[in-house]
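Enquirer: Here is the input, now give the coordinates:
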Amino acid sequence: MLPDQSDILKVVSFKTSRSGGKGGQNVNKVSSKVELVFNIEDAHFFTEEEKFRLKEKMSSRLDNEGLLHVVSQEDRSQLLNKQRTVLKLIAILKAGLEVQKTRKPTKIPKSVKEKRLANKSLLAQKKEGRRKPNFD
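Expert: Residues are numbered from 1 along each chain as shown. Predicted coordinates for the structure are as follows:
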């Protein structure tokens, strides 16, 4: 079960810094870049199984301490960047909690097998026609 924004905001911490790139004087003065830090272990709204699944799926995104970092610096406003990081985090958590369906192996239809064999024999005849004749 995915928590709502208010529950997430209780568990995360934010770091702000000056954003790079275009923006002129605004970039030099305002700390609009926002980094959201989320610890999966502190999330009381997830069960142990869900925490394990999140750690498995997002192992490449977690740092050495098991923290997930989400950064946003697209907007000039710190508030909009905070909202963006929370939305990104929710999307990441939703993808991490998704259980992949097990694949049901299906039987190859008879018509598909026949078509493949017919195509194979046509290709063999074509190649046979390219050979030099043998006069033995």
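Enquirer: hey, let's count contacts and neighbours off CA atoms from now on
Expert: Fine.
Enquirer: can you map out the helices along the chain?
Expert: Remark: helices of the chain, listed N- to C-terminal, are 5-11, 25-29, 48-57, 78-97, 110-130; assignment by DSSP state H.
Enquirer: Including mean neighbour count and distance to R103, could the ones you listed go into CSV?
Expert: Conversion of the helices of the chain to CSV gives the following (neighbours: other Cα atoms under 10 Å; distance: least, Cα to Cα, whole Å):
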stretch, mean neighbour count, distance to R103
helix 5-11, 13, 33
helix 25-29, 12, 50
helix 48-57, 15, 19
helix 78-97, 17, 18
helix 110-130, 11, 20
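Enquirer: Format those as CSV; extra columns: distance to I40 and mean pLDDT.
Expert: Output for the helices of the chain, formatted as CSV (distance: least, Cα to Cα, whole Å; pLDDT from 0 to 100):
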stretch, distance to I40, mean pLDDT
helix 5-11, 9, 84
helix 25-29, 32, 69
helix 48-57, 6, 89
helix 78-97, 10, 91
helix 110-130, 48, 96
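Enquirer: In JSON lines: the ones you listed, plus distance to N39.
Expert: Supplementary listing: the helices of the chain in JSON lines, determined by distance: least, Cα to Cα, whole Å:
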{"stretch": "helix 5-11", "distance to N39": "8"}
{"stretch": "helix 25-29", "distance to N39": "29"}
{"stretch": "helix 48-57", "distance to N39": "10"}
{"stretch": "helix 78-97", "distance to N39": "12"}
{"stretch": "helix 110-130", "distance to N39": "51"}
